[in-house]
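Colleague: Okay, predicted coordinates and the sequence, questions at the end:
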Amino acid sequence: MYIMRKHANAAAHASRSHAPYLVFRDICSTIAALCRIVLVERNDFMTAPIRIAVTGGAGQIAYSLLFRIGNGELFGADQPVILQILEIPPAMEALSGVVMELQDSAQPLLQNIIISDDPRVAFQDANWAILVGGMPRGPGMARSDLIAANGPIFVAQGKALNQCAADDIRVLVVANPCNSNCLVAKANAPDIPPERFFAMTRLDENRAKSQLAQKAGALVGDISRLAIWGNHSSTQFPNFEHALINRAPAETIIDDRAWLENVFLSTVQERGAAIIRARGLSSAASAANAALDSIRSLISPSQPGDWFSAAIASDGNPYGIADGLIYSFPLQNGDNSNVEIVEDLPISDYARRKMRASETELMQEREAIRDLL
Ligand code: NAX
């Protein structure tokens, strides 16, 4: 009896002495469950950020571009980004004002903003570099002078990319002359695979689509297969011969070859100058828009049967354009961001002459920067 009572007392004592522990355990497991819910809900924001270096951050294109990257337009609404912005010392104060505005935009995806006048800082671990900064073309400055003035900038930036960028770095050159600047950057970054370098001709493509759509009374979304061939300059060739309007050959809808060869071509080729005349400033919002379009096309599969334009290394291209240039071609993107030139397109004698004229110009530009390659 004593023994039984002793056991009963011991059991009662034991359950009494465990009670605080059990309560504590329940509280802990509830907290753990709540933490798990919070962590799952925050999972999107735990994705590693993409680092995007943008040069020329105090300039007018960047003023549109940076904010659109920060709000998720480029890499999506769940992808955090870090902006790494490069400027030259005289423009750092202006850049600090842009940074204040980026901060004041309170964009949840924009995790950090790094600014520097040293390309090695701005390109550190960058996954993308959008090279917008460069010396502008001054009054009376020949194109060859501009090429010579900008070349050294892209030597330094190519070397810094080679040294500091992330293994998956991809580079879009916007600053003019963008094809040759891209060639210089690529040549000075020997450890980065050449197929990671692009120069922007997407603004020309967008301009060309808009002109065709207006002439045909169609929507820009109805225009497909319209690529820019060659240089981002007045020798560029917006090849209307492959273009479709609502899936029909453009020439069957716009039955006016003289308009296509003359008005259309020169309007697209001279559009930048027309905007400067009208606005007193060069294209900025449309250029930033085209940079976003370019990168989106480079990171996502192309629409079946359609293509887009960017200038890439011409080495081994299927259209007989000389190797060793950065030349704009129609491109398609496969499932794994595997960007390739569209092959087997018919090239008329007329198109061949236009393609050759732009190739010749690019070879002349290359001669002007031979010592930087
Ligand atoms: P801005 O003159 O407004 O801005 C250029 C910025 O680059 C300036 O803030 C300047 O301080 C900075 N900069 C100069 N040298 C630099 C360097 N070494 N490192 C970093 N930053 C440097 O020009 P914006 O209107 O923004 O145009 C920028 C470039 O885009 C120009 O070269 C322009 O010709 C070119 N464009 C290219 C287009 C294309 O389709 N590929 C179209 C639009 C534009 O014309």
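Modeller: Great, that's in hand.

Colleague: Just to check, Ile295 is in contact with Ile69?
Modeller: No. The pair Ile295 / Ile69 is not scored as a contact, 9.2 Å apart, by Cβ atoms under 8 Å. No exception for glycine: its C-beta is placed from N, CA and C like everyone else's.

Colleague: what's the neighbour count on Asn176?
Modeller: 22 (other Cβ atoms under 10 Å).

Colleague: what about the stretch 1-150 of the chain, any weak spots by pLDDT?
Modeller: Residues of the stretch 1-150 of the chain that meet the criterion pLDDT under 70 lie in 1-46, 138-139.

Colleague: if I look at the residue in it that the ligand sits nearest to, how far off is Ala322?
Modeller: In the stretch 1-150 of the chain, the residue that lies nearest the ligand is Gly59 (2.0 Å; Cβ to the nearest ligand atom). Here the criterion is Cβ to Cβ, to the nearest Å. By it, Gly59 lies 32 Å from Ala322.

Colleague: now the helices for the protein?
Modeller: Secondary structure of the chain (DSSP state H): helices located at 2-41, 60-70, 92-104, 119-122, 143-164, 178-187, 202-216, 250-253, 257-258, 265-269, 271-279, 285-299, 349-368.

Colleague: okay, those, which one's buried deepest?
Modeller: helix 178-187 (a mean of 27; mean count of other Cβ atoms under 10 Å).

Colleague: Just the angle for that helix relative to helix 143-164, thanks.
Modeller: Angle between the axes of helix 178-187 and helix 143-164 is 30 degrees (criterion: axes from the mean of the first three to the mean of the last three Cα atoms, to 10 degrees).

Colleague: and helix 178-187 with helix 349-368, angle?
Modeller: Going by the same axes, to 10 degrees, helix 178-187 makes 50 degrees with helix 349-368.

Colleague: Now do helix 178-187: distance to the chain's middle.
Modeller: Centre-to-centre, helix 178-187 and its host chain are 16 Å apart (Cα atoms, centre = their mean, to the nearest Å).

Colleague: Can I get it in PDB, CA atoms only?
Modeller: Output of helix 178-187 as PDB, limited to C-alpha atoms (Å, rounded to 0.1, in the frame of the first residue of the first chain):
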ATOM      1  CA  CYS A 178      28.100  50.200 -80.400                       C
ATOM      2  CA  ASN A 179      29.200  47.500 -82.800                       C
ATOM      3  CA  SER A 180      32.900  48.600 -82.600                       C
ATOM      4  CA  ASN A 181      32.800  49.300 -78.900                       C
ATOM      5  CA  CYS A 182      31.500  45.800 -78.400                       C
ATOM      6  CA  LEU A 183      34.300  44.400 -80.500                       C
ATOM      7  CA  VAL A 184      36.900  46.200 -78.400                       C
ATOM      8  CA  ALA A 185      35.300  45.100 -75.100                       C
ATOM      9  CA  LYS A 186      35.100  41.500 -76.400                       C
ATOM     10  CA  ALA A 187      38.800  41.500 -77.500                       C
END
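
Colleague: So it, near the ligand or not?
Modeller: Yes. Helix 178-187 comes into contact with the ligand (Cβ under 6 Å from any ligand atom), by way of Cys178.

Colleague: Quick check: mean pLDDT of that helix?
Modeller: Taken as a whole, helix 178-187 has an average pLDDT of 97.

Colleague: Can you spell out which helices and strands pack onto that helix?
Modeller: Contacts defined by 3 or more Cβ pairs under 8 Å, 6 or more residues apart in numbering; DSSP states H and E place helix 178-187 against strand 128-131, helix 143-164, strand 170-173, strand 197-199, strand 308-313, strand 326-333, helix 349-368.

Colleague: Looking at the stretch 251-373 of the chain, what residue ends up closest to the ligand?
Modeller: Ala287 (3.5 Å).

Colleague: for the ligand, what are the nearby residues on this structure?
Modeller: 55-56, 58-62, 86-88, 91, 132-136, 153, 174-176, 178, 200, 203, 232, 272, 282-284, 287.
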